[in-house]
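Student: Structural data only, the sequence is not supplied:
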């Protein structure tokens with residue numbers, strides 16, 4: 001069964017850090033493009049970051065550039081989202097998704113991703 005499962009969310013103070021994990025099962029994560037998305041209350045789902053197959057390209061939303069880093073550990077079949085200098089506006093449910101497409105990951109829309117996780121809550125508050 002193909003699935004992705006997120007973990008690592010929680011409550012953190014502004015300026016703090018969290019690392020989210022996206023564990024893939026039923027497929028080799030390195031062969032898929034992985035995207036991280038988030039949805040804040042009352043807002044639309046947005047892409048935060050993506051990483052192409054074999055790490056050929058990565059992209060970040062302007063709002064997180066310089067603060068978030070996406071990376072992949074093939075031995076663990078896991079993609080991470082390291083989030084530093086967190087702000088209240090980063091509060092959202094974070095989802096990871098896997099897509100079977102290659103090339104530049106930023107060229108693809110969220111509906112093109114094939115497998116989605118259930119999400120993990122990130123709350124940034126003092």
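Tutor: Thanks, I have it. The structure displayed is predicted, hence computed values, not measured ones. Numbering: from 1, shown residues only.

Student: Report the secondary structure state of the most centrally placed residue in the chain.
Tutor: The chain has residue 36 as the residue nearest its centroid, 2.2 Å off, counting by CA atoms, centre = their mean. At residue 36 the chain is in strand, as set by DSSP: H, G, I helix; E, B strand; the rest coil.

Student: Could I get the pLDDT score of it?
Tutor: Note on residue 36: pLDDT of 98.

Student: who does it bridge with?
Tutor: Counting by DSSP bridges, residue 36 is bridged to residue 49, residue 96.

Student: likewise residue 92?
Tutor: Applying DSSP bridges, one finds that residue 92 bridges with residue 122.

Student: Can you tell me the number of residues neighbouring it?
Tutor: Burial of residue 92 is recorded as 22 neighbouring residues (other CB atoms under 10 Å). C-beta coordinates here come from the backbone N, C-alpha and C atoms, glycine included.

Student: repeat for residue 67
Tutor: Look at residue 67: counted by other CB under 10 Å, it has 15 neighbours.

Student: so who does it touch?
Tutor: 83, 84, 85, 86 (CB atoms under 8 Å, 6 or more residues apart in numbering).

Student: ok so, going back, these two touch, right, the residue nearest to the centre of the chain and residue 47?
Tutor: Yes - in this structure residue 36 lies within contact range of residue 47 using CB atoms under 8 Å: 7.4 Å.

Student: picking that back up, filter the contacts of residue 67 down to the buried ones, PyMOL style.
Tutor: Applying 16 or more other CB atoms under 10 Å to the contacts of residue 67, the buried members can be selected in PyMOL as follows:
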select buried, resi 83+86
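
Student: Can you flag which of the contacts of residue 67 belong to strands?
Tutor: Counting by DSSP state E, the contacts of residue 67 place residue 83 in strands.

Student: Quickly note the distance from residue 56 to residue 10.
Tutor: 31 Å (CB to CB, to the nearest Å).

Student: same question but for residue 124, I mixed them up
Tutor: To residue 10, residue 124 is 10 Å away according to CB to CB.

Student: Give me the more crowded residue out of these two.
Tutor: Legend: neighbour count by other CB under 10 Å for residue 124 and residue 10, higher for residue 124 (20 against 13).
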